[in-house]
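[1] here is the input, now give the coordinates:
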Amino acid sequence: MATIIMDSAKVVVLDIHFPTLPVVELQRHQASVNAIAWAPHNSCHICTVGDDSHALIWDLSSMSQPVEGGLDPILAYIVGAEIEQLQWSTSQPDWVAIAFSTKLHIVRV
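    This next block holds a predicted model:
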């Protein structure tokens, strides 16, 4: 399970068996995170978007090994405005829709 904290640039990933101890904290956004979406085809991939105009895709499969300095995203997509929403396609899992300003970008990942 992943959660965002209001007005925070951090995403917290939890194991529902131990909800009081974060599995990992994703901390590469420079402004508030607005939305998250798990990849429909791979439980190790998650996309986060935020007010810093970044869409970041993370590979959580490396969480089993300690990562010095925190986990880095595997992909980044930058637009010209705060990203308000995203949707990872279930029928076409290589595509992510990102909504910002009055625009919608459909990005192949």
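
[2] the protein: strands as residue ranges?
    Assigned by DSSP state E, the strands in the chain fall at 2-4, 11-15, 18-26, 33-38, 45-50, 54-59, 75-78, 83-88, 95-100, 103-108.

[3] which of those has the lowest average pLDDT?
    By mean pLDDT, the lowest-scoring of these turns out to be strand 18-26, with a mean of 89.

[4] let me know which of the strands of the chain is tucked in deepest.
    With neighbours defined by mean count of other CB atoms under 10 Å, none of these is more surrounded on average than strand 45-50, at a mean of 23. Yep, even glycine has a C-beta here, placed from its N, CA and C like the rest.

[5] which neighbours does that one have in its sheet, and in what orientation?
    Strands that pair with strand 45-50, judged by DSSP bridges, come out as strand 33-38 (antiparallel), strand 54-59 (antiparallel).

[6] mind putting the ones you listed in CSV, distance to Ala81 included?
    CSV is the format used below for the strands paired with strand 45-50 (distance: least, CB to CB, whole Å):
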stretch, distance to Ala81
strand 33-38, 12
strand 54-59, 11
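
[7] which residues does the residue nearest to the spatial centre of the chain form a beta bridge with?
    In the chain, the C-alpha closest to the average C-alpha coordinate belongs to Thr48, at a distance of 2.1 Å (CA atoms, centre = their mean). For Thr48, the beta-bridge partners under DSSP bridges are Ile36, Leu56.

[8] show me the contacts for it.
    For Thr48, the contacting residues are Ile4, Val11, Leu26, His29, Val33, Ala35, Ile36, Ala55, Leu56, Trp58, taking CB atoms under 8 Å, 6 or more residues apart in numbering as the criterion.

[9] let's have those residues in JSON lines, adding distance to Gly80.
    Converted to JSON lines, these look like this (distance: CB to CB, whole Å):
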{"residue": "Ile4", "distance to Gly80": "22"}
{"residue": "Val11", "distance to Gly80": "23"}
{"residue": "Leu26", "distance to Gly80": "23"}
{"residue": "His29", "distance to Gly80": "16"}
{"residue": "Val33", "distance to Gly80": "18"}
{"residue": "Ala35", "distance to Gly80": "18"}
{"residue": "Ile36", "distance to Gly80": "21"}
{"residue": "Ala55", "distance to Gly80": "13"}
{"residue": "Leu56", "distance to Gly80": "16"}
{"residue": "Trp58", "distance to Gly80": "23"}
